[in-house]
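Undergrad: Build me a structure from this.
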Amino acid sequence: MKKELKVAIVHDWLPLIGGAEMVLKEILAVYPNADIFTLFDFLSEEEKSSLNIKNVQVSFLNKLPKVKKYYRKIFPLFPLAVESFDVQDYDLVISSSHAVAKGVITGAHQVHVSYVHSPVRYAWNLTHQYLRQTNFDKGLKGLLVQHLLGRLRMWDYRTANGVDRFISNSNYIAKRVWKVYRRESDVIYPPTNLDGFEFSADKEEFYMTASRMVPYKRIDVIVSAFAKMSDKKLVIIGDGPEMDKIKAIAEQADNIQIMGYQSNEVLRNHMKRAKAFVFAAEEDFGIIPVEAQACGTPVIAFGKGGALETVIGYDDDPTCATGLFFDKQNEDSLVAAVQKFEELNIPGLADNCLKNAKIFNTQSFHENLKRIVDEELTQKFG
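TA: Residues are numbered from 1 along each chain as shown. The predicted structure is shown next:
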């Protein structure tokens with residue numbers, strides 16, 4: 001009798017439910033009995049239940065006093081924390097990594113498949129932006145942080161050797177994985193559960209965005225742009241470290257409503273009614289533009305990164321368009337895009353959006369993940 005496969009999933013952290021956590025949910029759908037290892041767990045039992053998370057082991061960092069307020073600032077300790085996880089008794093280790101999860105220590109008797117949302121952003125492609133936005137681009141503290149980021153890069157590159165097979169969440173990230181680690185990777189787009197989203201072709205007179213309020217999401221650009229368009233309403237759903245900054249910009253305008261963190265029900269209700277969803281991040285993939293399209297809602301997106309694989313721009317294919325792109329990550333470029341969007345009045349937009357969203361379904365994710373993992377298991381164990 002063949003023994004049951006013992007599976008561990010290493011996920012960077014669980015501060016709130018975002019795109020990476022929705023991917024984790026679908027990995028668990030394929031491997032429901034897996035144990036989860038994560039640096040931090042700040043989710044409520046209800047939130048974990050919604051993701052089908054049962055068995056969670058946290059790192060020693062999770063026990064630090066009031067760590068939820070500053071966990072991102074202790075990144076030099078992340079490699080030590082992920083290496084402290086003992087996963088030697090597992091046959092299969094799947095790391096879901098946008099930071100350090102792929103650095104978990106595994107042995108020659110195990111298969112380690114890493115699903116990469118991105119190599120560590122603030123250590124690689126967003127280093128200088130991170131230093132500027134945290135005011136660590138000068139002075140002695142700045143030199144120290146740069147030194148620590150350099151050490152993190154060396155560790156991150158070295159630990160890529162412990163991964164048997166890489167999976168990237170988009171072609172965009174596959175190129176970055178090759179650039180950083182010199183490793184080929186398969187591409188499996190993150191899953192979108194279309195069952196939870198209601199299609200509507202009837203739109204109301206407001207735009208919306210929803211995101212964790214962290215610097216690279218560039219919610220500040222969206223708010224600043226709509227502050228210049230007083231006749232266009234913007235609804236913002238989400239919370240995070242940049243909330244005070246976003247509120248300060250929004251106070252200058254009467255047409256911007258900040259709702260903070262909301263339930264999935266509230267988010268989806270606004271999504272199906274919005275005139276368009278605005279997305280300003282240079283994202284690795286970005287599930288939420290796909291979710292918006294599942295509601296029949298077009299997307300106005302910054303024209304770089306994963307959005308180029310999930311949104312069909314009007315300039316690229318007017319007949320199949322699901323939105324349009326703006327070229328520069330600034331308010332003037334976004335203002336021009338919103339104005340163009342209203343002038344075009346693209347026919348059949350809602351139907352195009354739904355058709356495109358269906359490409360990124362959960363069944364394809366499940367099948368492709370299992371296929372790749374089974375290939376590695378067969379190669380290792382026969």
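
Undergrad: list the helices and strands the helix or strand encompassing C353 packs on?
TA: Taking DSSP states H and E as the definition, C353 sits inside helix 349-357. In terms of contacts (3 or more Cβ pairs under 8 Å, 6 or more residues apart in numbering; DSSP states H and E), helix 349-357 is packed against helix 287-294. No exception for glycine: its C-beta is placed from N, CA and C like everyone else's.

Undergrad: After the helix it packs on, which helix or strand is next?
TA: Going down the chain from helix 287-294, the next helix or strand is strand 299-302, by DSSP H and E.

Undergrad: Can you name the residues in contact with that following strand?
TA: Around strand 299-302, the neighbours that count as contacts under Cβ atoms under 8 Å, 6 or more residues apart in numbering are 207, 218, 276-282, 289, 292-293, 307, 310-311, 322-326, 329, 334, 337-338, 341, 353.

Undergrad: So for it, mean pLDDT?
TA: If you average the pLDDT over strand 299-302, you get 98.

Undergrad: strands paired with it, and their directions?
TA: Sheet pairing for strand 299-302, assigned by DSSP bridges, gives strand 276-279 (parallel), strand 323-326 (parallel).

Undergrad: Please state the offset of it from the chain centre?
TA: 16 Å (Cα atoms, centre = their mean, to the nearest Å).

Undergrad: then that strand to CSV, C-alphas only?
TA: Extracted as CSV, the C-alpha positions of strand 299-302 are listed here (Å, rounded to 0.1, in the frame of the first residue of the first chain):
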residue,chain,number,x,y,z
VAL,A,299,-9.7,48.1,-15.7
ILE,A,300,-7.6,51.2,-16.1
ALA,A,301,-4.1,49.9,-15.3
PHE,A,302,-0.5,51.1,-15.3
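
Undergrad: next helix or strand past the host helix or strand of V180?
TA: In this assignment (DSSP H and E), V180 forms part of helix 171-181. As assigned by DSSP H and E, the chain's next helix or strand after helix 171-181 is strand 185-187.

Undergrad: For the helix holding C353, buried residues please.
TA: 349-350, 352-354, 356-357 (16 or more other Cβ atoms under 10 Å).

Undergrad: Mind listing residues that contact that helix?
TA: 192, 194, 199-201, 203, 290-299, 310-312, 320-323.

Undergrad: Distance-wise, check L234 relative to F277.
TA: In this structure, L234 and F277 are 11 Å apart, going by Cβ to Cβ, to the nearest Å.

Undergrad: pretty sure T38 is in contact with W13, am I right?
TA: Yes - using Cβ atoms under 8 Å as the test, T38 is close enough to W13 to be in contact (5.5 Å).

Undergrad: K68 reaches L16, doesn't it?
TA: No - K68 is beyond contact range of L16, at 10.3 Å (criterion: Cβ under 8 Å).

Undergrad: Please enumerate the shared neighbours of these two.
TA: F42.

Undergrad: which ones are touching K380?
TA: By Cβ under 8 Å, 6+ apart, the contact list for K380 reads 110-111, 164.

Undergrad: Next up, the contacts around the closest residue to Y130 other than its chain neighbours.
TA: Of all residues not flanking Y130 in the chain, Y122 sits nearest, at 4.0 Å (Cβ to Cβ, 6 or more residues apart in numbering). Y122 makes contact with 75, 130, 149 under the criterion Cβ under 8 Å, 6+ apart.

Undergrad: Redo those residues as JSON lines? Include distance to E83 and neighbour count.
TA: Shown next, in JSON lines, are these (distance: Cβ to Cβ, whole Å; neighbours: other Cβ atoms under 10 Å):
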{"residue": "F75", "distance to E83": "14", "neighbour count": "17"}
{"residue": "Y130", "distance to E83": "23", "neighbour count": "18"}
{"residue": "L149", "distance to E83": "18", "neighbour count": "19"}
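
Undergrad: Pick the one among these closest to I372.
TA: I372 has its nearest neighbour among the contacts of Y122 in F75, at 29.6 Å by Cβ to Cβ.

Undergrad: Count residues in the vicinity of the residue nearest to the closest one when sequence neighbours are not counted, would you?
TA: Nearest residue to F75, sequence neighbours excluded (Cβ to Cβ, 6+ apart): L152, at 6.9 Å. For L152, the count of nearby residues is 21 (other Cβ atoms under 10 Å).

Undergrad: In this structure L152 contacts P79, no?
TA: Yes - contact criterion Cβ under 8 Å: L152 and P79 qualify, at 7.0 Å.

Undergrad: Could you check how many residues crowd around S50?
TA: Look at S50: counted by other Cβ under 10 Å, it has 14 neighbours.

Undergrad: Contacts only, for it.
TA: S50 neighbours (Cβ under 8 Å, 6+ apart): I17.

Undergrad: do you know how far it is from G196?
TA: In terms of Cβ to Cβ, S50 sits 11 Å off from G196.

Undergrad: Report the separation between the residue nearest to F75 and V100.
TA: 8 Å.
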